[in-house]
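Novice: Provide a 3D model corresponding to the input given below.
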Amino acid sequence: MKKKVLALFLGALMVIGTLTGCGSSSSNNSSGTSDSKAKSDGKLQTVTLQLKWLPQSQFMGYYVAENKGYYKDEGIDIKILPGGSDIIPEQNVYNGVANIGVTWVSSLMTYQTQGYELQEIAQVFQKSGMLLVSKKSTGINSPKDLKGKKVGNWFGGNEYEILALLAKYNLDKNKDLKLVQQDYTMNQIKEGSIDAASAMTYNELGLLLEGGLSKDDLNIIDMNDEGVAMMEDCLFVNSKWASQNKDLVARFMKASIKGWQDACKDPEAAGKIVFEKDKSVSLDHQVYMAKEVAKLVTPSGFDTTKIGQIDMKAIQQTADFLKLYNKDLAKTPVVDNTTFNSDYWKSATK
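Specialist: From the prediction side, this is the model:
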C-alpha cells in the first residue's frame with residue numbers, strides 16, 4: 001500500500017511539474033464514459049504512450065504509425081512520451097500520467113507482484129536482444145570462461161538474463177566473477193576496464209561496430225542461443241483504465257500493429273522517420289537499430305500479421321527465471337489472462 005501511495009504522489013508531482021496537459025488518472029479514467037461520444041462527434045481521443053527509453057528505433061513502430069497517420073485514422077491523437085533513467089513506465093501508467101506503456105516483461109512482472117494492477121496487452125519483441133560481448137583477447141569463448149572476469153550490466157531489472165546464464169553454467173555471481181555497473185557508452189569494454197559487457201543487438205553492439213571494432217574482434221554470447229532468454233519490449237496498461245476503454249485500446253493496437261508492419265518491412269525508412277523525430281544519435285545508427293529491431297519483432301519465418309501476439313510459454317519462462325533470480329520479488333508472478341491479456345490484440349487483428 002505504501003508503494004502505491006508513493007507512486008500516486010510521485011505521479012502527481014510529475015504531472016504538475018513536467019507533464020502538464022498529459023492528464024491525470026481521473027481524467028484518463030473519465031475518457032471511458034465518453035468513448036462512444038468521441039467517436040460519434042468525430043473528435044480525436046488522446047492516448048498517451050510512455051516509452052521505456054529515449055526516442056530511438058527501438059520504438060519505431062509507434063513513430064511510423066504516427067508519421068503515416070494511422071492513429072488519426074483510428075480516431076486517436078497520439079502523444080508519445082520519451083523515457084529515461086529517471087522515468088518508470090509502470091508508475092506513470094499506474095498513476096495516469098500515461099495510458100499505455102512500453103517496458104520489459106520482467107520489469108512489469110516485478111510491479112505486478114507488488115500489487116500494481118497492470119496487464120500486458122501485446123508482446124512486441126518476440127526474441128530477446130540481450131548479448132554478452134567481449135574482445136577475443138579476453139579468452140571468453142563460452143559462458144564458462146566468465147569465471148574470474150569482470151562482467152558489466154546496467155542492473156535495474158536488466159540483469160536477470162545474465163543471472164540465468166550464470167546459473168546455467170554453475171557460476172556463482174558473488175564468488176566466481178565480479179558483476180559491475182555498466183554505463184551506456186561501451187567505453188568500458190573498449191578500454192578494458194571490464195572483460196564482458198551487456199549489449200543489446202540493436203544498440204550497444206552497433207556502438208562497438210561503429211567505433212571501429214568488427215564482429216571478428218568480438219566473442220558474442222546470445223541469450224536466445226543459450227536458452228535463457230526473457231521477454232523484453234511489451235505494451236501494458238492500467239487494467240481498470242483499459243476495461244473502461246476497450247474499443248480505444250483495440251484501435252490503438254490496430255494502428256500500432258500497422259506501424260510495426262511497415263517499419264519491419266522497410267526499416268531503413270523507419271530509421272529515418274525516428275531520426276527526424278529526435279536527432280540525438282546519427283542517422284546511420286538509427287537505421288542500424290531499426291534493422292536489428294525488425295529481427296526481434298519479426299524473426300525469420302514469423303507471420304507479420306501476428307505482430308504483438310503473446311506467447312504464454314515464453315512469458316512463463318520469463319516468470320520462472322524471474323522467480324529464481326529476483327530475491328526481492330514480492331511473490332510468484334501470476335501468468336494468466338488477468339496479467340497478460342490477449343483480448344485487445346485479438347480485437348485489433350480480427
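Novice: surely residue 231 is in contact with residue 129?
Specialist: No. Residue 231 is beyond contact range of residue 129, at 10.9 Å (criterion: CB atoms under 8 Å). In short, each C-beta sits where N, CA and C put it, glycine included.
Novice: neighbour count: these two, which is higher?
Specialist: Neighbours were tallied for residue 231 and for residue 129 using other CB atoms under 10 Å; the higher tally belongs to residue 231 (26 against 23).
Novice: now do the contacts for the residue nearest to the more buried one when sequence neighbours are not counted.
Specialist: Excluding its sequence neighbours, the residue lying closest to residue 231 (CB to CB, 6 or more residues apart in numbering) is residue 105, at 3.9 Å. Listed by CB atoms under 8 Å, 6 or more residues apart in numbering, the contact set of residue 105 reads 120, 123, 230, 231, 232, 234, 315, 318.
Novice: could you rerun that using 7 Å?
Specialist: By CB atoms under 7 Å, 6 or more residues apart in numbering, the contact list for residue 105 reads 120, 230, 231, 232, 234, 315, 318.
Novice: that one and residue 186, how far apart?
Specialist: 25 Å (CB to CB, to the nearest Å).
Novice: now residue 198
Specialist: Taking CB to CB, one finds residue 198 at 10 Å from residue 186.
Novice: need the contacts of residue 105 in CSV (columns: secondary structure, distance to residue 257 and pLDDT).
Specialist: Listed next are the contacts of residue 105 as CSV, based on DSSP: H, G, I helix; E, B strand; the rest coil; distance: CB to CB, whole Å; pLDDT from 0 to 100:
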residue, secondary structure, distance to residue 257, pLDDT
120, strand, 15, 98
230, coil, 23, 97
231, coil, 18, 98
232, coil, 18, 98
234, strand, 14, 98
315, helix, 19, 98
318, helix, 22, 97
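Novice: show me where this structure has its strands.
Specialist: Secondary structure of the chain (DSSP state E): strands at 45-50, 76-81, 100-104, 118-123, 130-135, 150-153, 178-181, 196-200, 218-222, 233-238.
Novice: and the fifth one, how far out from the chain's middle?
Specialist: So the one you mean is strand 130-135. 20 Å (CA atoms, centre = their mean, to the nearest Å).
Novice: quick one: which of the strands of the chain is nearest residue 272?
Specialist: When the strands of the chain are compared by CB to CB, strand 76-81 sits nearest residue 272, at 17.0 Å.
Novice: isn't residue 98 up against residue 51?
Specialist: No. Using CB atoms under 7 Å as the test, residue 98 is too far from residue 51 to be in contact (9.2 Å).
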